[in-house]
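from the sequence below, what's the structure:
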Amino acid sequence: MATILPVEGKFPKFGKNCFVAPNATVVGDVEIGDECSIWFNTVVRGDVNSIRIGNKVNIQDGVVIHATYQKSKTIIGNNVSIGHNAIVHGCTLCDKVLVGMGAIIMDNAEVGSNTIIAAGAIVLEGTKIESGTIYGGIPAKKIKDIPVDLITGQIDRIAEHYTLYASWFKDSNAVPPAPR
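Numbers count the residues shown, from 1 in each chain. This is a model prediction of the structure:
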C-alpha cells in the first residue's frame, strides 16, 4: 500500500478516480485533483511547503515533487504529464505541459501552457518559459515554438493514455480518505 502520511497535521487530499501505486509516497500539504495517477516509486513530498496538482495529471515512475521551505510552493495545472525520473521542485507548471523523462525544473521557474520540456533538460531557478514552446538542454533554452500537432499528438495524447493506464489498476487501488 502507498505511503500516505500527514505532516504537521496536514494530510494529503485526493480527488476522484485517482491511482496511487503501492510503493508511491505522498505526504503532507498535498492536494491532488481528479483522475490523477501517481506511479511506482514516485515521491510527492509536501512537508516544507504546499503542493497543488490539478486534474488529469500523471506523475510517472520515479518522479520527485518537492518544494522549498518558506520560499517556493509547487503548483501543477491540468492535463500535465511528468515523465519518468523527473524532478519538479518549487515551481509552477501551467495546464497542458509535458515534462520529459529525467528533466529537472527548479525553484520559482514558471512553465507556460502547451509546452514541452525535453527529456534531460534542466530548467534553472527563476526561468520563465512562455506558452507554446519546446525547451531543452542544460540549461534549458527555447528550441522552437510548438507545432499545433504536438499539442494534440503528444501533450493531450499522453495525458489521455495515462488516464487509461491508471484504470487498469482500478480494482487494486484504494486511496485512503483523509481523516476529518
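
which residues touch residue 44?
Under the criterion of CB atoms under 8 Å, 6 or more residues apart in numbering, the contact partners of residue 44 comprise 12, 24, 25, 26, 27, 30, 32, 38, 51, 53, 59, 65. Backbone N, C-alpha and C define where each C-beta goes, glycine included.

also residue 126?
Listed by CB under 8 Å, 6+ apart, the contact set of residue 126 reads 106, 107, 108, 109.

how about the first one, what does it touch?
If I follow you right, that is residue 106. With contacts taken as CB under 8 Å, 6+ apart, residue 106 has the following neighbours: 89, 90, 91, 122, 123, 124, 125, 126, 127.

ok, the third one next?
Residue 108 makes contact with 71, 72, 90, 91, 125, 126, according to CB under 8 Å, 6+ apart.

do the same with the last one
With contacts defined as CB under 8 Å, 6+ apart, the neighbours of residue 109 are 91, 92, 123, 124, 125, 126, 127, 128, 129.

you'd agree the first one is up against residue 103?
Right, the one you point to is residue 91. No: with contact taken as CB atoms under 8 Å, residue 91 and residue 103 are classed as non-touching, separated by 11.3 Å.

who touches both of those two?
Applying CB under 8 Å, 6+ apart, one finds that residue 91 and residue 103 are jointly contacted by residue 123.

can you name the next helix or strand after the longest strand along the chain?
Of all segments of type strand in the chain, defined using DSSP state E, the longest is strand 43-53. Next helix or strand after strand 43-53 toward the C-terminus (DSSP states H and E): strand 58-59.

hmm, who's touching that next one?
Counting contacts by CB under 8 Å, 6+ apart, the residues touching strand 58-59 from outside are 36-39, 42, 44, 53, 65, 80-82, 158-159, 162-163, 165-166.
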